[in-house]
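Asker: Sequence first, predicted model second:
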Amino acid sequence: MTSLTPLSLLKSQLNIEHDLDDVLLQHKLEAAEGYCASYIGGWIYDPAPAAITQAVLMMAAYWYEIREAATVGGNAYAIPFGVHDLLQAYRQWVV
């Protein structure tokens, strides 16, 4: 699977200039896009709205920086603050 969000954009978000973690970063992008698509209840189309791209970047960067499910004395959030707010307008509600 290839992500819609460019790897170079995530590397800019994280201020990474080397290529050593490209495979891991690409994986994080794909996982973040999958999460965001699941949350909104539909596909993310190309080009994605800026708010969805921002949510994907936030998720991927967070998962890159916080690689464990549990932390001690740090941030214990599974989803970074603001991600759901960015995605809310694109959520497809089914009743």
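Answerer: Good, I have the coordinates. Residues are numbered from 1 along each chain as shown.
Asker: For the rest of this, base every contact and every neighbour count on C-alpha atoms.
Answerer: OK.
Asker: Could you list every helix and strand in contact with the helix or strand where Gln54 lies?
Answerer: Assigned by DSSP states H and E, Gln54 belongs to helix 50-65. Judged by 3 or more C-alpha pairs under 8 Å, 6 or more residues apart in numbering; DSSP states H and E, helix 50-65 is in contact with helix 7-14, helix 22-40, helix 83-87.
Asker: In it, which residues are buried?
Answerer: Using 16 or more other C-alpha atoms under 10 Å as the test for burial, helix 50-65 gives 51-64.
Asker: Please apply the same query to stretch 42-52.
Answerer: In stretch 42-52, counting by 16+ other C-alpha under 10 Å, buried: Ile44, Ala51, Ile52.
Asker: which residues sit in contact with the second one?
Answerer: So that's Ala51. With contact set as C-alpha atoms under 8 Å, 6 or more residues apart in numbering, Ala51 has these partners: Leu86, Leu87.
Asker: do you know how far it is from Arg67?
Answerer: Counting by C-alpha to C-alpha, to the nearest Å, the gap from Ala51 to Arg67 is 24 Å.
Asker: Next, the angle from the helix holding Gln54 to helix 22-40.
Answerer: If you take axes from the mean of the first three to the mean of the last three C-alpha atoms, to 10 degrees, helix 50-65 sits at 130 degrees to helix 22-40.
Asker: tally of neighbours for Gln26?
Answerer: Gln26: 21 surrounding residues under other C-alpha atoms under 10 Å.
Asker: likewise Ala89?
Answerer: Ala89 has 11 neighbouring residues, counting by other C-alpha under 10 Å.
Asker: again, but for Val95
Answerer: 3.
Asker: Report the separation between it and Gln88.
Answerer: In terms of C-alpha to C-alpha, Val95 sits 16 Å off from Gln88.
Asker: again with Leu29
Answerer: Leu29 is 20 Å from Gln88, by C-alpha to C-alpha.
Asker: Name the residue in these two with the higher neighbour count.
Answerer: Higher neighbour count among Leu29 and Gln88: Leu29, with 27 against 14, using other C-alpha under 10 Å.
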